[in-house]
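Enquirer: pasting the sequence and the predicted model now:
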Amino acid sequence: MHIETVTHLNGEIFEAVQRLVPLLGAHKPIPSWDDLDLLIDSDASILLVARYPASDSPIVGMLTIALYRVPTGIRSIVEDVVVDTDFRNKGVAKALMRSAIEIARLAGANGVSLTSNPQRVAANRLYLSLGFQKRETNAYFLPL
């Protein structure tokens, strides 16, 4: 297993993201080259990709972690965790999450937030096994 931070966009990264994003759900927009380029160049977001089983293997998963400062400290949130269906249950998501947690720790964040659809049973089980605690809160969204 090899986890890497994407520092520049190339055809392989673009193709992998194009292939993986639909696995997040039909309602998720597939990012353009420019969208991905902006994400990778952003100071607030880090795109991680997973290769399995080794560093020269194809990309089989991805995750984005956002880091930002608020008056009360540094916050981090994990978004768009996805693993190719043929490579699930091999520790790919766990390795991606552990890398994201370490990035947040090194950045000085006081924790890592994420949301997960309750229907994603395996994903929710993974987050709990990594020490995440389910919060009782109201989640709101204002579509623009």
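Expert: Arrived safely, thanks for sending.
Enquirer: next one: the lengthiest helix in the chain to chain centre, how far?
Expert: What stands out as the longest helix in the chain, according to DSSP state H, is helix 92-107. For helix 92-107, the distance from its own C-alpha centre to the chain's C-alpha centre is 9 Å (CA atoms, centre = their mean, to the nearest Å).
Enquirer: and it, C-alpha only, in PDB?
Expert: The C-alpha trace of helix 92-107 is given here as PDB (Å, rounded to 0.1, in the frame of the first residue of the first chain):
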ATOM      1  CA  VAL A  92      -6.900   1.200   1.500                       C
ATOM      2  CA  ALA A  93      -9.400   3.500   3.200                       C
ATOM      3  CA  LYS A  94      -7.800   2.900   6.600                       C
ATOM      4  CA  ALA A  95      -4.400   3.900   5.200                       C
ATOM      5  CA  LEU A  96      -5.800   7.000   3.500                       C
ATOM      6  CA  MET A  97      -7.500   8.000   6.800                       C
ATOM      7  CA  ARG A  98      -4.400   7.400   8.900                       C
ATOM      8  CA  SER A  99      -2.400   9.600   6.500                       C
ATOM      9  CA  ALA A 100      -5.100  12.300   6.700                       C
ATOM     10  CA  ILE A 101      -5.100  12.200  10.500                       C
ATOM     11  CA  GLU A 102      -1.300  12.600  10.600                       C
ATOM     12  CA  ILE A 103      -1.500  15.500   8.200                       C
ATOM     13  CA  ALA A 104      -4.000  17.200  10.500                       C
ATOM     14  CA  ARG A 105      -1.900  16.400  13.600                       C
ATOM     15  CA  LEU A 106       1.200  17.900  12.000                       C
ATOM     16  CA  ALA A 107      -0.800  21.000  11.000                       C
END
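Enquirer: and it, which residues are buried?
Expert: Buried residues in helix 92-107, defined by neighbour count with 16 or more other CB atoms under 10 Å: 92-97, 99-101, 103-104. In this view, the C-beta of every residue, glycine as well, is placed from N, C-alpha and C.
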